[in-house]
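S.K.: heads up, no residue letters with this:
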């Protein structure tokens, strides 16, 4: 069997859904009429599992409809994981704006193309969007770091 991008994405969906369902088991389920804190995450996790399994089945039945994985690229994996870890550490120590800037700059290193003007525009737009959505629209009391 050839491993395709569809197969891997379905596997990832299934894994995330299973993780969500497992973590939600620590909370009371309740009933459909009186939902507990574990009810909704369990329901969403189960739906994500179903989507993942459907994607896996589709990938197995029609492998020619998805790109095969030619080789594993470690550069994007390294920089994207590093970006998420640095975001978490920076967010708690310095605030939202430095965390988003660090996330974008490090994640951008995963790609091979692009230029500094594009990176600057991305940093400005995504940082402004994050501040607008989380601080002003959702009223989450986050330290901005400025």
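M.R.: Perfect, I can see it now. Here the structure is a predicted model, which is why all the values come from computation and not from measurement. Numbers count the residues shown, from 1 in each chain.
S.K.: check this structure for its longest helix and report it.
M.R.: helix 39-61 (DSSP state H).
S.K.: quick one: residues contacting the spatially closest residue to residue 45 that is not a sequence neighbour.
M.R.: Nearest-residue entry for residue 45: residue 20, 3.2 Å, with adjacent residues in sequence omitted and distances by C-beta to C-beta, 6 or more residues apart in numbering. Placement of C-beta: from N, CA and C, glycine included. Contacts for residue 20 (C-beta atoms under 8 Å, 6 or more residues apart in numbering) come out as 41, 42, 44, 45, 48.
S.K.: let me know the helix or strand that residue 20 is in.
M.R.: helix 5-24 (DSSP states H and E).
S.K.: list the buried residues in that helix.
M.R.: For helix 5-24, a neighbour-count test (16 or more other C-beta atoms under 10 Å) marks 6, 7, 9, 10, 11, 13, 14, 17, 20, 21, 24 as buried.
S.K.: need phi/psi at residue 121.
M.R.: phi -70, psi -40 (degrees, to the nearest 10).
S.K.: what residues are up against it?
M.R.: Counting by C-beta under 8 Å, 6+ apart, residue 121 touches no other residue.
S.K.: from residue 128, how far out is the residue nearest to residue 45?
M.R.: According to C-beta to C-beta, to the nearest Å, residue 20 and residue 128 sit 30 Å apart.
S.K.: circling back to that earlier point, what would the buried residues of helix 5-24 look like in JSON lines with pLDDT and distance to residue 92?
M.R.: Shown next, in JSON lines, are the buried residues of helix 5-24 (pLDDT from 0 to 100; distance: C-beta to C-beta, whole Å):
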{"residue": "6", "pLDDT": "88", "distance to residue 92": "36"}
{"residue": "7", "pLDDT": "90", "distance to residue 92": "36"}
{"residue": "9", "pLDDT": "91", "distance to residue 92": "31"}
{"residue": "10", "pLDDT": "92", "distance to residue 92": "34"}
{"residue": "11", "pLDDT": "93", "distance to residue 92": "31"}
{"residue": "13", "pLDDT": "95", "distance to residue 92": "29"}
{"residue": "14", "pLDDT": "96", "distance to residue 92": "31"}
{"residue": "17", "pLDDT": "94", "distance to residue 92": "28"}
{"residue": "20", "pLDDT": "93", "distance to residue 92": "23"}
{"residue": "21", "pLDDT": "93", "distance to residue 92": "28"}
{"residue": "24", "pLDDT": "90", "distance to residue 92": "25"}
